[in-house]
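*Asks:* Kindly generate the corresponding structure for this input.
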Amino acid sequence: MHTVNQTATKVLTETVTNLPHRRVGILGGTFNPPHLGHLIMAQQVGDQLGLDEVRFMPDAQPPHVDEKKTIAAQDRVNMVQAAIADNPLFRLETAEIKRGGKSYSYDTMKLLKAQHPDTQYYFIIGGDMVDYLHKWYHIDDLLKLVTFVGIKRTGYPTTSRYPVIWVDAPLIDVSSTAIRKKINHGHTVRYLVPDAVAAYIEEHHLYEQND
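*Replies:* Below you'll find the model as predicted:
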């Protein structure tokens, strides 16, 4: 017969054993190209939530983006690798690239959770995207697989019908669209993207005629 203390210890041990062993952030996107805003967002979330790592996950074929303006997946992967190479917190996640087709977050996270059941995933999105969560594919099922982390944005509420952890991060008014336009018009993108990304874009003549 178990004593009360033995039973309590057994329950506690089982509870700890069943808890996720790793806490991983997921920052998805087209990364066309990756810029300093992406890096700042990922760093702040990783630091403030004490995550083991933050994974940058390029889309294969994002369902909401005009694919004609999205360069080859391998170029985007290479730029992400260049952007995060010097940060031990950051990793590259290629699950969506490998799967191909439309990149729905639910399908991806279902796959990753099946592969790594001991990992708690934190899905990072901008505060402007929180209002659109109700339109996400299988959002109710996705909520069972991840914890959403919203980056606070000026002019957007920090309330949602869905559970969201809110994080403060410096607001950098830069976008991949603006960067592509600058390159297309022959303007510098120095200090908007990491030097390694700028070098890759220049070497491969990216975005010069894309927009």
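
*Asks:* okay, CA-based contacts and neighbour counts for the rest of this
*Replies:* Noted.

*Asks:* all strands for this protein, in order.
*Replies:* 22-29, 53-58, 90-92, 119-126, 146-151, 164-167 (DSSP state E).

*Asks:* And these: which comes nearest residue 72?
*Replies:* Evaluated with CA to CA, these place strand 53-58 nearest to residue 72, the distance being 11.1 Å.

*Asks:* how distant is that closest one from the center of its chain?
*Replies:* On the basis of CA atoms, centre = their mean, to the nearest Å, strand 53-58 sits 5 Å off its chain's mean C-alpha point.

*Asks:* picking that back up, in JSON lines, list the strands of the chain along with mean neighbour count, distance to residue 190 and mean pLDDT.
*Replies:* Conversion of those to JSON lines gives the following (neighbours: other CA atoms under 10 Å; distance: least, CA to CA, whole Å; pLDDT from 0 to 100):
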{"stretch": "strand 22-29", "mean neighbour count": "21", "distance to residue 190": "21", "mean pLDDT": "97"}
{"stretch": "strand 53-58", "mean neighbour count": "24", "distance to residue 190": "22", "mean pLDDT": "98"}
{"stretch": "strand 90-92", "mean neighbour count": "20", "distance to residue 190": "22", "mean pLDDT": "98"}
{"stretch": "strand 119-126", "mean neighbour count": "22", "distance to residue 190": "24", "mean pLDDT": "97"}
{"stretch": "strand 146-151", "mean neighbour count": "22", "distance to residue 190": "25", "mean pLDDT": "97"}
{"stretch": "strand 164-167", "mean neighbour count": "19", "distance to residue 190": "27", "mean pLDDT": "97"}
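
*Asks:* will you turn those strands into TSV that also has distance to residue 35?
*Replies:* Listed next are those as TSV, based on distance: least, CA to CA, whole Å:
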stretch	distance to residue 35
strand 22-29	11
strand 53-58	12
strand 90-92	14
strand 119-126	15
strand 146-151	16
strand 164-167	19
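
*Asks:* So for residue 110, which of these sits nearest?
*Replies:* strand 146-151 (9.5 Å).

*Asks:* strand partners of the closest one, parallel vs antiparallel please.
*Replies:* strand 119-126 (parallel), strand 164-167 (parallel) (DSSP bridges).

*Asks:* export these to a markdown table and tack on distance to residue 38?
*Replies:* Converted to a markdown table, those look like this (distance: least, CA to CA, whole Å):
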| stretch | distance to residue 38 |
| --- | --- |
| strand 119-126 | 10 |
| strand 164-167 | 14 |
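
*Asks:* residue closest to the middle of the protein?
*Replies:* Centrality entry for the chain: nearest residue to the mean C-alpha point is residue 27, 0.5 Å, by CA atoms, centre = their mean.

*Asks:* related to what we said a few turns ago, quick one: which of the strands of the chain is nearest residue 74?
*Replies:* Of the strands of the chain, nearest to residue 74 by CA to CA is strand 53-58, at 9.7 Å.

*Asks:* Alright, I will stop here.
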